[in-house]
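Engineer: sequence? don't have it. structure:
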């Protein structure tokens, strides 16, 4: 299991989830302070032991992210794990990307042309547009606007992050 740490900026604004190694580097180089520790996890060296940080606050400023990274998980999250054609909800491993304008016809791999799709609908659609297939999308795909409002869930010593986006 990989331990994660929530990183806050100097004003306690949540900015990122980082791994525990990077958190320790930030702490030991005096670039951040520990706000909260994992209660029962320690890191040991030959001479010392330290409680693993759960939340760190940076002393200095941090570059603000203005774009959401384009990847599978973020597309599925944007589309709420729903096939954008049949409307059914699926697990992440049961979903695929679909190019609204097929890639074979010059459709780009971008926020505005990729939607979440189940395998059945993706195979039925093939290299057609939704209009040619006779189906419509649940919603038009667009790049999400990232907002630092975050919901945190703690479970079994791991910190999980779910970004809330304004779409």
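Structural biologist: Okay, I see it. This is a predicted model, so every value here is computed, not measured.

Engineer: Sheet partners, orientation included, of the top strand by length along the chain?
Structural biologist: Counting by DSSP state E, the longest strand found in the chain is strand 32-44. Applying DSSP bridges to the sheet, strand 32-44 is found paired with strand 49-58 (antiparallel).

Engineer: For the strand it pairs with, buried residues please.
Structural biologist: Residues 52, 53, 54, 55, 56, 57, 58 are the ones in strand 49-58 that count as buried (16 or more other C-beta atoms under 10 Å). All C-beta atoms are positioned from the backbone trio N, CA, C, and that covers glycine.

Engineer: ok, then the element right after that strand?
Structural biologist: Beyond strand 49-58 in the direction of the C-terminus, DSSP states H and E gives the next helix or strand as helix 72-78.

Engineer: in that following helix, what's buried?
Structural biologist: Within helix 72-78, judged by 16+ other C-beta under 10 Å, the buried ones are 74, 75, 76, 77, 78.

Engineer: Need the contact partners of whatever helix or strand comes next after that helix.
Structural biologist: Downstream of helix 72-78, the first helix or strand assigned by DSSP H and E is strand 95-99. For strand 95-99, the surrounding residues in contact (C-beta atoms under 8 Å, 6 or more residues apart in numbering) are 72, 75-76, 81, 83-85, 107, 109, 113-119, 121-122, 125.

Engineer: separation between residue 33 and residue 47?
Structural biologist: Using C-beta to C-beta, to the nearest Å, residue 33 is found at 22 Å from residue 47.

Engineer: higher neighbour count, those two?
Structural biologist: residue 33 (14 against 5; other C-beta atoms under 10 Å).

Engineer: Skipping adjacent residues, who's closest to the more buried one in space?
Structural biologist: Nearest residue to residue 33, sequence neighbours excluded (C-beta to C-beta, 6 or more residues apart in numbering): residue 57, at 5.4 Å.

Engineer: Run through the residues that contact the one you found.
Structural biologist: Contact analysis of residue 57 by C-beta under 8 Å, 6+ apart lists 8, 9, 10, 12, 32, 33, 35.

Engineer: Could you do residue 49 as well?
Structural biologist: Residues in contact with residue 49 (C-beta under 8 Å, 6+ apart) are 42, 43.

Engineer: Perfect, I'm done here.
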